[in-house]
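Student: sequence and computational prediction follow.
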Amino acid sequence: MIPEARTAAVRRALRETFGVGEGEDIRRFAPGVTSLVFRIAVAERPYLLRVVMHAHDCSRHFDAMRAAAQAGLAPRVLYASVQDRVLITDFIEPRPLRAEEAALRLPALLRTLHALPPFAAVPDAINTSPTFLLNGGGGVEAFLPRFRALGIVSEPAMEELLTLHRRITAAYQRRAGDRVSSHNDLKPANLIFDGERLWLIDWEAAGLNDRYSDLAVLWNFIDDNDDDGGGQRYLRDYFGRAPNESEFARFAVMRQVAHLFHGMAYLFTGSMKADARRGAAQPGDLRQRMWDADIDTHDPDVKLSWGRYQLERLREGTARPRFQEALSILAAERR
């Protein structure tokens, strides 16, 4: 179950943490691409074992998780070896979490997270946040032509996406005061509810980022009907006061940046499997199925369906007067 090449590192972690070389019970807990995640029992108590498979430096990831754990946002860290790329934390037994419950609990968690001492910045090469599209430079300039070359969307639709991207980057000026410690991969699968409190997990993408990225990505999962009232309440709970015009405009625009980024990113990664180019339609409400943990987001067909869903939400959201007004507010700030 654990790759032979990583067995020695895992045994070392267990000896240093618990004084044993083997766990009593080990089972794969969650699918993953960059990490293998296991539930492992020692002295009849469950823990979570994460074995990072990529070769990137884990310092940013592990430092962020330690800080989050100390702030009560993430499970307790018992062992973290940057050299071996192995992590052991408390295991949280998940309970069902409704989007409505998350909406009540998440603003306070994000406020605490964003107030932590600054995390290290995430290199563009491994940036999975929507703000990747706002960073400019070689990363974005390389990605957009590659996405276009796949032919996943029609040429007229691609031109519309590129025009929208230019309009947003021209209006949205990043502010130093909004660069905060961020999770950068907030989705239902990375929220664990134990029946009493909510935990944030999977900190591999964590780093310094625009606060509105975490806020917008989560709200898109919670309520995607562009109800200004819901968004106003969400930001009020986050700031501890009503958001001003500029703050709500940034939130409104970042929601569409998130749709744009996730639409292209999921279509791009889903299309990497040749047999998934068409993408089987996924039944039911994809967003709700993610809250119900009833869908495998690593499946190429799911990626393609979710990417198309995101671009549809983008088309609807950017056609609304509220988005045009928000862009105008931000553009005026730059003048």
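Tutor: Now that the structure is in, tell me what you want to look at.
Student: C-alpha only now, for contacts and for neighbours.
Tutor: Will do.
Student: helices along the stretch 151-300 of the chain, start to end?
Tutor: 155-171, 211-222, 228-239, 245-270, 286-291, 300-318 (DSSP state H, counting those that start in this stretch).
Student: relative to Val20, which of those is closest?
Tutor: Within the helices of the stretch 151-300 of the chain, the stretch nearest Val20 is helix 286-291; the backing value is 36.7 Å (C-alpha to C-alpha).
Student: how about that closest one: buried residues?
Tutor: Leu286, Arg287, Gln288, Met290, Trp291 (16 or more other C-alpha atoms under 10 Å).
Student: same check, this time on stretch 116-133
Tutor: Buried residues in stretch 116-133, defined by neighbour count with 16+ other C-alpha under 10 Å: 118-122, 124, 127-133.
Student: ok, of these, which one's closest to Val140?
Tutor: Nearest to Val140 out of the buried residues of stretch 116-133 is Leu133 (C-alpha to C-alpha; 6.1 Å).
Student: so what's that closest one closest to, chain neighbours aside?
Tutor: With C-alpha to C-alpha, 6 or more residues apart in numbering as the measure, Val140 is the residue that lies nearest to Leu133, at 6.1 Å, once sequence neighbours are left out.
Student: what's the helix or strand for that neighbour?
Tutor: When secondary structure is defined by DSSP states H and E, Val140 falls within helix 137-149.
Student: let me see the domain layout of this structure.
Tutor: What automatic domain parsing lists as the domains of the chain is 4-90, 99-334.
Student: okay if I get those as TSV plus mean pLDDT?
Tutor: Listed next are these as TSV, based on pLDDT from 0 to 100:
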stretch	mean pLDDT
domain 4-90	92
domain 99-334	90
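Student: for stretch 293-301, the distance to its chain's centre please.
Tutor: 15 Å (C-alpha atoms, centre = their mean, to the nearest Å).
Student: so what's Ala115 up against?
Tutor: Val180, Ser181 (C-alpha atoms under 8 Å, 6 or more residues apart in numbering).
Student: one more time with 10 Å, if that's ok
Tutor: The contact partners of Ala115, by C-alpha atoms under 10 Å, 6 or more residues apart in numbering, come to Val180, Ser181, Ser182.
Student: which of the residues you listed has the most neighbours?
Tutor: Ser182 (30 neighbours; other C-alpha atoms under 10 Å).
Student: before we move on, the earlier item: can you say which of the helices of the stretch 151-300 of the chain is nearest to Phe29?
Tutor: Taking C-alpha to C-alpha, helix 286-291 is the member of the helices of the stretch 151-300 of the chain nearest to Phe29, at 16.8 Å.
Student: name the residues that touch that closest one?
Tutor: Helix 286-291 is contacted by residues 96-99, 102, 187-189, 191, 220-224, 283, 292-297, 302, 305-306, 309 when judged by C-alpha under 10 Å, 6+ apart.
Student: now, these that are in strands?
Tutor: Leu191 (DSSP state E).
Student: restricted to buried residues, select the contacts of helix 286-291 in ChimeraX.
Tutor: Applied in ChimeraX, the following selects the buried portion of the contacts of helix 286-291 according to 16+ other C-alpha under 10 Å:
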select :97,99,102,187,188,189,191,220,221,222,297,302,305,306,309
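Student: distance of Arg233 relative to Arg241?
Tutor: For Arg233, the distance to Arg241 (C-alpha to C-alpha, to the nearest Å) stands at 9 Å.
Student: correction: the previous question concerned Pro96.
Tutor: Distance from Pro96 to Arg241, by C-alpha to C-alpha: 30 Å.
Student: also Asp63?
Tutor: Asp63 is 31 Å from Arg241, by C-alpha to C-alpha.
Student: which of those two has more neighbours?
Tutor: Legend: neighbour count by other C-alpha under 10 Å for Asp63 and Arg241, higher for Asp63 (18 against 11).
Student: to which secondary structure element type does the closest residue to that one other than its chain neighbours belong?
Tutor: Closest residue to Asp63 apart from its sequence neighbours, by C-alpha to C-alpha, 6+ apart: Phe119 at 7.9 Å. Under DSSP: H, G, I helix; E, B strand; the rest coil, the three-state class of Phe119 is coil.
Student: Phe119: what's it in contact with?
Tutor: Contacts of Phe119 by C-alpha under 10 Å, 6+ apart are 60-61, 63-64, 67, 179-183, 206-209.
Student: show me the beta-bridge partners of Ala41.
Tutor: Asp25, Pro46 (DSSP bridges).
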